[in-house]
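Trainee: Need the 3D shape of this:
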Amino acid sequence: MSRERIIWSVFAKPWADLSGAQLGTLVSGIGFTGVEIPVRPNSFVTPQRVEARLPEFVAQLGDSGVVPISVAGDLTEPTFAACQASGVPTIRVMAPIEADGYIASVARFRAQLQQSARWARQYGVKVGVQPHHGRYVASTAQVLDLLDGLPHADFTLIWDAAHDALAGDDPMLTLEIAAPRLGIVNLKNAVYRALAPQPGHDSATRTRTQWRPWYVEGAEGLSDWSAVMSQVRLRNYAGPVCLSGQYTEPDRPLTEVVARDLALARRLYDAAAGTD
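Mentor: Numbers count the residues shown, from 1 in each chain. Next comes the predicted model:
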């Protein structure tokens with residue numbers, strides 16, 4: 001299997017204010033051929049202007065040889081229509097857990113997915129659901145349960161290395177169960193770090209240590225990227241692998257850190273050739 005089967009991609013959130021032309025030049029210079037585009041209020045492409053701006057934005061990316069793999073946005077009809085007009089195949093979302101608890105929140109989000117199914121069919125744009133640590137549906141198995149019964153052609157799972165590890169899961173197992181619905185493989189990494197006591201609180205009286213996710217480079221976190229790339233090869237996956245560009249305290253300019261992680265991912269992917 002050649003490297004070209006993978007679309008090496010990056011989430012453009014760190015550069016959300018750039019135009020398509022500026023972003024294409026930047027990410028192609030790092031070595032990426034794909035990009036996930038944020039469609040959010042603080043981005044160049046906003047939800048209110050998605051139909052007007054997204055097609056031109058994607059066309060400008062194409063001038064640098066960069067293709068859109070997805071947008072991070074809302075499940076609204078204008079977003080589906082804009083993605084169809086622009087050739088964007090997927091809308092990435094996450095399932096929040098709100099104050100009324102897990103069961104009610106999942107039921108509500110499931111209803112939103114069912115409502116969006118008509119737009120997915122009408123516009124030929126997939127919905128990709130990603131697990132996320134914290135107040136979200138947090139594991140691969142939980143997302144698959146959420147998607148159970150929805151059409152595979154329209155609803156995919158976006159697997160995420162960091163959130164998989166933060167959930168205490170093993171990529172050798174979760175990528176196996178994700179394979180029938182796998183749409184995108186996200187690569188980032190994280191560890192847990194203890195929170196320092198708040199001012200005015202005696203650490204000796206704390207009942208337990210408080211922890212938070214800390215996003216690090218690929219070689220430093222809980223997720224074994226080598227195992228991830230072995231599973232990607234073993235499953236004959238031939239789609240986007242998307243780096244998030246998310247680091248809590250990068251030790252150098254972000255473009256350099258992302259470039260280093262891209263080089264690592266490519267080395268591990270090539271080293272896993274024996275698992276094809």
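Trainee: What segments of the stretch 101-250 of the chain are strands?
Mentor: Using DSSP state E, counting those that start in this stretch, the strands assigned to the stretch 101-250 of the chain run over residues 126-129, 155-160, 182-187, 189-194, 211-216, 240-243.
Trainee: residues in contact with the third one?
Mentor: Okay, so that is strand 182-187. Strand 182-187 is contacted from outside by 9, 11, 36, 69-70, 90, 92, 126, 128, 130, 156-162, 175, 218, 225, 228, 232, 235, 237, 239-244, 261, 265, using Cβ atoms under 8 Å, 6 or more residues apart in numbering. For glycine as for every other residue, the C-beta is placed from the backbone atoms N, C-alpha and C.
Trainee: List the contacts of Pro131.
Mentor: Met94, Val137, Ala138, Ser139, Thr140, Gln142, Val143, Trp159, Asp160, His163, Asp164, Ala167.
Trainee: In stretch 38-55, which residues are buried?
Mentor: 38-40, 43-47, 50-51, 53-55 (16 or more other Cβ atoms under 10 Å).
Trainee: Let's have those in TSV, adding pLDDT and secondary structure.
Mentor: Output for these, formatted as TSV (pLDDT from 0 to 100; DSSP: H, G, I helix; E, B strand; the rest coil):
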residue	pLDDT	secondary structure
Pro38	98	strand
Val39	98	strand
Arg40	96	coil
Ser43	97	coil
Phe44	97	coil
Val45	98	strand
Thr46	98	coil
Pro47	97	helix
Val50	98	helix
Glu51	98	helix
Arg53	97	helix
Leu54	98	helix
Pro55	98	helix
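Trainee: Check the nearest residue in space to Val125 that is not next to it in sequence and give its pLDDT.
Mentor: Nearest non-adjacent residue to Val125, counting by Cβ to Cβ, 6 or more residues apart in numbering: Cys83, 4.5 Å away. pLDDT for Cys83: 98.
Trainee: swap in Thr207?
Mentor: For Thr207, the pLDDT comes out at 70.
Trainee: since we're on it, how many residues are nearby?
Mentor: For Thr207, the neighbour count with other Cβ atoms under 10 Å is 4.
Trainee: gap between it and Ala138?
Mentor: 23 Å (Cβ to Cβ, to the nearest Å).
Trainee: And for Pro197?
Mentor: In this view, Pro197 and Ala138 are 26 Å apart by Cβ to Cβ.
Trainee: More neighbours: which of those two?
Mentor: Neighbour comparison, Pro197 and Ala138: the larger count goes to Ala138, with 22 against 14 (by other Cβ under 10 Å).
Trainee: hang on, the more buried one packs against Gly168?
Mentor: No: using Cβ atoms under 8 Å as the test, Ala138 is too far from Gly168 to be in contact (9.9 Å).
Trainee: where's Gly29 relative to Leu243, distance?
Mentor: The gap separating Gly29 from Leu243 is 15 Å, by Cβ to Cβ.
Trainee: hmm, I was thinking of Val39
Mentor: Applying Cβ to Cβ to Val39 and Leu243 gives a distance of 19 Å.
Trainee: just Val45 next, same as before
Mentor: Distance of Val45 to Leu243, computed by Cβ to Cβ: 20 Å.
Trainee: mind listing the helices for the stretch 101-250 of the chain?
Mentor: In the stretch 101-250 of the chain, the helices defined using DSSP state H, counting those that start in this stretch lie at 102-123, 140-147, 161-166, 171-178, 225-234.
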